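Novice: Just the structure for this:
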Amino acid sequence: ISYLPDNVEECNDNMAPEVAPEEHIRGGSRLLELQANCPFRAFAEIRLHATPLASPSIGINPAQKGALIHRTLEQIWNTLNSQHHLLQLDNESLRDLIDKTVNANLALWQKAQPEPPNPLWASLEKIRLNKLLLEWFEEEKRRDDFTVIAHEIEQSITVNKLNLTIKLDRIDQLASGEHIILDYKTGSASIHHWFGERPSSPQLPLYSSYGQTPTTVDGIGYALIKPQKTVFTGVCGDHLQSTIPGVVSIKQLKGASHLTWEQCIQHWKQSLARLSNEFTSGLATVTPLSPSSCQYCQLHAFCRIKK
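Specialist: Numbers count the residues shown, from 1 in each chain. All right, here's what the predicted structure looks like:
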């Protein structure tokens, strides 16, 4: 026996209400990242707050580990300021500086926990961080001369009708006078996700095209800080004179070699403006950019993409 009606009317409900002036949208580059990867997920997570509960973890979770590295590097560069001062330290002095800074930040982490954590967790993290950061500073030594002119800068920016809050990890001034924005990453990251009509990792393109930086931006890059893989990777204008291992000229990048650096910045501005317009107009299609867009999404029962 079938209880289905004879005539079934289908309705593609892909548009949510437009973002109203009184609707308080909170977010940063993550909002545009979600919109680029899947408009429905951006709508669900940002406007409906349909986010999964945090998974319990034992010890220091990945987000806390990332925060510890950010704070430790910020404080060390507050002390050193430039590669010149880094190179003046012998190995023992550098180890002492790293160890002292790591200890101070782990102590703050322990105090911030609702219950006293197992001291073994901090001891293990101290060993890991000391080794990892020592490897990282060896990578910093291999660069041409530079000065860290700013770090952990929080800004409010506007992309069309969207007001976003962003935080720049670091801006370096190179010996030749140019400037590069760097973003610390402790996980995987690819510069190829910055390009295309829907940049799936728009954080650094957003900083370089809409950020209120104190200087012109001549390049952007990831500082990948992972065990046995401490490297720079990024892209810069072909006018950049000082070299950074792993940061290539836009003219050498497959798929973007036809662009000048200025055209690349303009392309990012236009692409990110389109994503902003999609979000504020209410576009909420279940159209993942690639299979990987669904890999870490926990909204499958909501969007019903597999039905």
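
Novice: Find the nearest non-adjacent residue to the residue nearest the centre of the chain, please.
Specialist: By Cα atoms, centre = their mean, the chain has its centre lying nearest to Q203, at 5.1 Å. Computed as Cβ to Cβ, 6 or more residues apart in numbering, the closest residue to Q203 that is not its neighbour in sequence is S29, at 4.1 Å. C-beta coordinates here come from the backbone N, C-alpha and C atoms, glycine included.

Novice: Same question for L162.
Specialist: S276 is the one closest to L162 (Cβ to Cβ, 6+ apart), at 4.6 Å.

Novice: And G255, by the same measure?
Specialist: Per Cβ to Cβ, 6+ apart, closest to G255 is F195, 5.9 Å.

Novice: from memory the residue nearest to L162 sits against T158, does it?
Specialist: No - S276 is not in contact with T158 according to Cβ atoms under 8 Å; the separation is 9.1 Å.

Novice: thinking again about what came up before, the residue nearest to G255 and A256 touch, don't they?
Specialist: Yes - between F195 and A256 there is a contact under Cβ under 8 Å: 5.6 Å.

Novice: More neighbours: which of the two?
Specialist: Between F195 and A256, F195 has the larger neighbour count (other Cβ atoms under 10 Å), namely 21 against 18.

Novice: Check what contacts the helix or strand of the chain with the lowest mean pLDDT and list those residues.
Specialist: Here the helix or strand of the chain ranked lowest by mean pLDDT, DSSP states H and E is helix 300-303, holding a mean of 85. Contact with helix 300-303 is made by C38, F40, R41, A44, A50, V286, C294, K306, as judged by Cβ atoms under 8 Å, 6 or more residues apart in numbering.

Novice: before we move on, back to that, how confident is the prediction for the residue nearest to Q203, by pLDDT?
Specialist: pLDDT for S29: 94.

Novice: what do you get for N12?
Specialist: 77.

Novice: Residue numbering should commence at 422 henceforth.
Specialist: In the new numbering, first residue 422, that becomes N433.

Novice: and it, what helix or strand is that in?
Specialist: In the assignment (DSSP states H and E), N433 maps to no helix and no strand.

Novice: Okay, it and F461: tell me how far apart.
Specialist: Between N433 and F461 the computed distance is 12 Å (Cβ to Cβ, to the nearest Å).

Novice: go on, G448?
Specialist: Taking Cβ to Cβ, one finds G448 at 16 Å from F461.

Novice: So which of these two has more stuff around it?
Specialist: F461 (22 against 19).

Novice: and the more buried one, what are its phi and psi?
Specialist: With angles defined as degrees, to the nearest 10, F461 sits at phi -60, psi -40.

Novice: was I right about it contacting A705?
Specialist: Yes - judged on Cβ under 8 Å, F461 makes contact with A705 at a distance of 4.9 Å.

Novice: can you list residues touching both of the two?
Specialist: Common neighbours of F461 and A705 (criterion: Cβ under 8 Å, 6+ apart): none identified.

Novice: Many thanks, have a good one.
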